[in-house]
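Visitor: Need coordinates for the below:
(one chain, ligands or ions: 1)
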Amino acid sequence: MTTHIIDGKIIAAELRARVADEVSRVKREYNLVPGLAVVLVGNDPASEVYVRNKHTQTQTAGMASFEYKLPTDVSQAELLALIAKLNRDPVVHGILVQLPLPVGLNTESVINAIDPAKDVDGLHPNNAGRLAGGFSALSPCTPLGCIMLTKTVHPSLEGMNAIVIGRSNLVGRPLVQLLLNENATVTIAHSRSRDLPKLVKRADLVYAAVGKPEMVRGTWLKPGATVIDVGINRILEEHGKTRLVGDVAYSEALQVAGAITPVPGGVGQMTVACLLVNTLYAACAIAALPKPTVQVFADEVNFGPHRGAR
Ligand code: GUN
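Guide: Predicted coordinates for the structure are as follows:
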């Protein structure tokens with residue numbers, strides 16, 4: 001059996017190209033330029049790389065990109081004042097505050113301050129609650145990317161056994177809701193779950209989002225399972241070099257899985273591409289324009305706030 005390697009690089013590039021096409025159409029037909037504001041507080045090196053990527057890819061897609069870099073010691077009030085300004089700004093359709101915030105800032109109240117219509121991270125309780133209720137919502141980008149990658153292998157997830165390992169607000173919890181919307185049967189596992197290998201063994205779809213290097217072993221997997229590895233862990237090698245690894249022991253899993261995402265080159269590529277999709281959808285919803293179509297598969301992934309309740 002040869003394992004299919006899901007190429008996030010190619011799929012993300014295809015998605016970005018579709019977004020760019022739709023952005024140019026929306027510009028031509030409605031004179032609307034979607035705009036994304038990204039706020040970075042402090043100088044965490046990993047966050048700086050992510051924010052730079054977002055800026056470049058937003059511009060390449062033909063959208064307006066606004067970057068705000070604030071010092072580590074910015075006050076909560078100053079950060080909230082910036083968000084209030086962006087909420088009012090008509091050329092800004094998406095607002096993303098890069099996480100984690102430096103200690104001393106209250107993440108929850110910062111997220112709560114973002115206009116839910118501009119919350120392209122899908123983290124505002126209004127969007128998180130709508131997603132959990134099965135209503136239309138802006139949904140978090142990494143989980144959307146996970147669903148898209150899965151659909152390159154399985155166009156329909158109906159009735160499949162999925163396990164999500166990890167229950168963060170950014171990935172695990174929203175991913176569970178998106179899988180439910182796709183009619184999968186979902187198990188949520190976390191640090192207190194008993195006998196994780198046994199739970200994983202039942203799963204046709206395995207989503208590892210715990211941030212523990214190579215925690216999921218090849219022997220845990222059901223033969224032929226599809227494995228989506230959300231982890232990005234930098235580990236120190238013998239000679240002082242560092243290497244990126246996922247939450248799944250890749251070379252072991254390769255012997256058992258039917259399909260697997262590599263790290264790097266898997267899920268990581270999809271997050272920014274999905275952020276661009278969310279920004280385009282938010283811009284059209286705010287301007288009361290028809291829902292755009294960024295269709296990569298016959299069965300479209302449910303992006304954006306336009307989706308009706310079901
Ligand atoms: N930090 C790591 N991933 C993300 C993300 O998707 N959104 C935000 N806001 N911060 C992050």
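
Visitor: Residues contacting stretch 277-289, please?
Guide: 15, 19, 22-23, 26, 30, 32, 34-36, 58, 63, 93-94, 117-122, 138-139, 141, 144, 290-292, 294, 303-306 (Cβ atoms under 8 Å, 6 or more residues apart in numbering). (Each C-beta comes from the backbone N, C-alpha and C, glycine too.)

Visitor: Mind doing that once more with 7 Å?
Guide: With contact meaning Cβ atoms under 7 Å, 6 or more residues apart in numbering, stretch 277-289 is reached by 15, 19, 22-23, 26, 30, 32, 34, 36, 63, 93-94, 117-118, 120, 138, 141, 291-292, 294, 303-306.

Visitor: If we check the ligand, which of these are in contact?
Guide: residue 141 (Cβ under 6 Å from any ligand atom).

Visitor: residue contacts, the closest residue in space to residue 226 that isn't next to it in sequence?
Guide: Among residues not flanking residue 226 along the chain, residue 259 sits closest, at 4.5 Å (Cβ to Cβ, 6 or more residues apart in numbering). Residues in contact with residue 259 (Cβ under 7 Å, 6+ apart) are 3-4, 6, 153, 226.

Visitor: switch to 10 Å and redo it
Guide: By Cβ atoms under 10 Å, 6 or more residues apart in numbering, the residues touching residue 259 are 3-6, 149-150, 152-154, 205, 224-228.

Visitor: Produce a ChimeraX select command limited to the buried residues of the residues you listed.
Guide: Buried members of those, defined by 16 or more other Cβ atoms under 10 Å, are picked up in ChimeraX with:
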select :3,6,149,150,152,154,205,225,226,227,228
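
Visitor: Are any of the contacts of stretch 277-289 buried, and if so which?
Guide: Buried among the contacts of stretch 277-289 (16+ other Cβ under 10 Å): 15, 19, 22-23, 26, 32, 34, 36, 63, 93-94, 117-118, 120, 138, 141, 292, 294, 303-305.

Visitor: So which of those residues are in helices?
Guide: 15, 19, 22-23, 26, 141 (DSSP state H).

Visitor: Which residue does the chain have closest to the ligand?
Guide: Here the chain gets closest to the ligand at one residue, residue 99, 3.6 Å apart by Cβ to the nearest ligand atom.

Visitor: quick one: that residue from residue 123, how far?
Guide: Computed as Cβ to Cβ, to the nearest Å, the residue 99 to residue 123 distance reads 8 Å.

Visitor: Then residue 258?
Guide: Taken as Cβ to Cβ, the span from residue 258 to residue 123 is 32 Å.

Visitor: just residue 80 next, same as before
Guide: Distance of residue 80 to residue 123, given as Cβ to Cβ: 16 Å.

Visitor: ok, and which of the contacts of residue 259 reach the ligand?
Guide: Of the contacts of residue 259, not one also sits near the ligand (Cβ under 6 Å from any ligand atom).

Visitor: quick one, phi/psi of the residue sitting furthest away from the middle of the chain?
Guide: Most distant residue from the mean C-alpha position of the chain: residue 239, 33.2 Å away (Cα atoms, centre = their mean). Dihedral angles of residue 239 (phi, psi; degrees, to the nearest 10) stand at phi -90, psi 20.
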